[in-house]
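A.B. asks: Whatever this is, show me its structure:
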Amino acid sequence: MNKTSIPATIDNDFITMQLFGWVKEAIEIECNGLMALVKSLTMETATIVELLMRCEGRVILTGIGKSGHIAKKIASTFSSTGTTAIFVHPTEASHGDLGMITNKDVVICLSKSGESTELIDILNYCRRFGIKLIGISENMNSTLAQASNHMVTLPKVVEACPLNLAPTTSTTMMLALGDALAVACLHARKFSPERFQDFHPGGKLGRKLMTAKDIMHKAELLPLIGLDAKIKEAIIVMTHRRFGCVGVVNERSELVGIYTDGDLRRQINEFSLDYPIKDLMHQSPFKINADMLLVDVAKLFAEERIPSVFICYENKPIGIVHIHDLLQKGFL
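C.D. replies: Modelled structure (predicted):
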């Protein structure tokens, strides 16, 4: 019988409940591990955050096996939240990549046992050149612990693996600890949503933080006319700028009205081309500020059924956003 097959004589409902039970049990075991980690933390973690904040170089993450995979993710989290970090594979380090690590960097080394032979060269390198080393392991008497300037000792807990062999709970604790250190640095740096968007311009989270100024058209592209202009001038500007509207400004360059191509189509038989635009424009145009989130701009477009909106500063137009801009970015 194939190892993944299930005997036909066993009740399917029983099998389903057993599978569900195994999933739930594994999660509960890992949750217990995280609670044990919280209880085991000391003020040493605050000292580690201070060290990371003072780092003049990069935070170097390293580890082998499952710990290495966790280290890669932690490096990514640090980098995306304002702390420059990279992952250095310990085997590659022994074949030249040690040159990537400088005495301005801080190294964080992850190892459950703290005795992985692949890490020896990095540990010796840090000791030789005075590079600050943070160890994360469950063995406080390990080679890693002895080589480290600062140590976080993970509580010895049961792995979710029923054989208590495959790194599961232990790697979950490592990941949570790494995320916690990155978040603490984020708080300390007062990392803003704007900086997060700088690091995530192509991601869904980054898009949610995009503002009107990120996509607005400005300067000479703005479709603007004076309050004393005629409708024929409005048509020329509207056609040339291709935003489907013109903004009307007074002598102080303040936006006081808007006229759209929809208005033109509806009223074309009611006036001559020399008709003053101030008698036809909408006198209370929608205005937004440059920092308005695009998700809120899209909501405004949908609720008010408008095709464009001017961005103003002190009531003076500095940009315009068209419905096509929102469509291209996937907000509508």
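A.B. asks: Only C-alpha atoms from now on, for both contacts and neighbour counts.
C.D. replies: Noted.
A.B. asks: In a helix, residue 311, correct?
C.D. replies: No - assignment of residue 311 by DSSP: H, G, I helix; E, B strand; the rest coil gives strand, placing it outside any helix.
A.B. asks: What is the neighbour count of it?
C.D. replies: Counted with other C-alpha atoms under 10 Å, residues neighbouring residue 311 total 25.
A.B. asks: phi, psi of residue 60?
C.D. replies: Main-chain dihedrals, residue 60, degrees, to the nearest 10: phi -100, psi 120.
A.B. asks: in which helix or strand would I find the closest residue to residue 188 other than its chain neighbours?
C.D. replies: Once flanking residues are discounted, residue 188 sits nearest to residue 53: 7.9 Å by C-alpha to C-alpha, 6 or more residues apart in numbering. Residue 53 belongs to helix 44-54 when elements are defined using DSSP states H and E.
A.B. asks: Cross-check the contact I'm expecting between residue 301 and residue 307.
C.D. replies: Yes - contact status for residue 301 versus residue 307: in contact at 6.7 Å, counting by C-alpha atoms under 8 Å.
A.B. asks: quick one: common contacting residues for these two?
C.D. replies: The contact sets of residue 301 and residue 307 overlap at residue 323 (C-alpha atoms under 8 Å, 6 or more residues apart in numbering).
A.B. asks: related to what we said a few turns ago, quick one: the residue nearest to residue 188 and residue 43, what's the gap?
C.D. replies: Distance, residue 53 to residue 43, by C-alpha to C-alpha, to the nearest Å: 16 Å.
A.B. asks: do the same with residue 91
C.D. replies: 32 Å.
A.B. asks: neighbour-wise, which of these two wins?
C.D. replies: Counted by other C-alpha under 10 Å, residue 91 and residue 43 do not tie: residue 91 has more neighbours, with 18 against 7.
A.B. asks: who touches the closest residue to that one other than its chain neighbours in this structure?
C.D. replies: Excluding the flanking residues, the one nearest residue 91 by C-alpha to C-alpha, 6+ apart is residue 118, at 6.1 Å. Residue 118 is in contact with 64, 90-91, counting by C-alpha under 8 Å, 6+ apart.
A.B. asks: And what about residue 118, helix, strand or coil?
C.D. replies: Per three-state DSSP, residue 118 ends up helix.
A.B. asks: quick one: it from residue 308, how far?
C.D. replies: 60 Å.
A.B. asks: likewise residue 70?
C.D. replies: For residue 70, the distance to residue 308 - C-alpha to C-alpha - is 46 Å.
A.B. asks: low-confidence ranges in the stretch 151-300 of the chain?
C.D. replies: 191-208 (pLDDT under 70).
A.B. asks: which residues of it fall in helices?
C.D. replies: Along the stretch 151-300 of the chain, the stretches classed as helices by DSSP state H, counting those that start in this stretch are 169-189, 193-199, 204-208, 212-215, 231-241, 261-267, 294-304.
A.B. asks: Going by neighbour count, list what's buried in the shortest one.
C.D. replies: When neighbours are counted by 16 or more other C-alpha atoms under 10 Å, the buried residues of helix 212-215 are found to be 212-213, 215.
A.B. asks: Repeat that for the fifth one.
C.D. replies: Within helix 231-241, the residues that qualify as buried by neighbour count (16+ other C-alpha under 10 Å) are 231, 233-235, 237-238.
A.B. asks: Tell me the one of those nearest residue 157?
C.D. replies: Nearest to residue 157 among the buried residues of helix 231-241 is residue 238, at 69.7 Å by C-alpha to C-alpha.
A.B. asks: Enumerate every residue touching that closest one.
C.D. replies: Contacts of residue 238 (C-alpha under 8 Å, 6+ apart): 223, 244-246, 261.
A.B. asks: and if we set it to 6 Å?
C.D. replies: For residue 238, the contact set (C-alpha atoms under 6 Å, 6 or more residues apart in numbering) comprises 245-246.
A.B. asks: got it, and residue 155?
C.D. replies: residue 138.
A.B. asks: For the stretch 1-150 of the chain, give me the ranges with low pLDDT.
C.D. replies: 1-10.
A.B. asks: what helices or strands is the helix holding residue 53 leaning on?
C.D. replies: Helices and strands touching helix 44-54, by 3 or more C-alpha pairs under 6 Å, 6 or more residues apart in numbering; DSSP states H and E: there are none.
A.B. asks: buried residues in that helix?
C.D. replies: For helix 44-54, by 16+ other C-alpha under 10 Å, it's 45, 48-49, 52-53.
A.B. asks: Tell me the one among those residues nearest to residue 157.
C.D. replies: Relative to residue 157, and with distances defined as C-alpha to C-alpha, the nearest of the buried residues of helix 44-54 is residue 45, at 19.8 Å.
A.B. asks: Not counting residues beside it along the chain, what's closest to the closest one?
C.D. replies: Residue 45 sits nearest to residue 152 (C-alpha to C-alpha, 6+ apart), 7.3 Å away.
A.B. asks: Across the sheet, point out what pairs with residue 255.
C.D. replies: Counting by DSSP bridges, residue 255 is bridged to residue 249.
A.B. asks: okay but it is in contact with residue 227, surely?
C.D. replies: No - assessed by C-alpha atoms under 6 Å, residue 255 is found out of contact with residue 227, at 9.5 Å.
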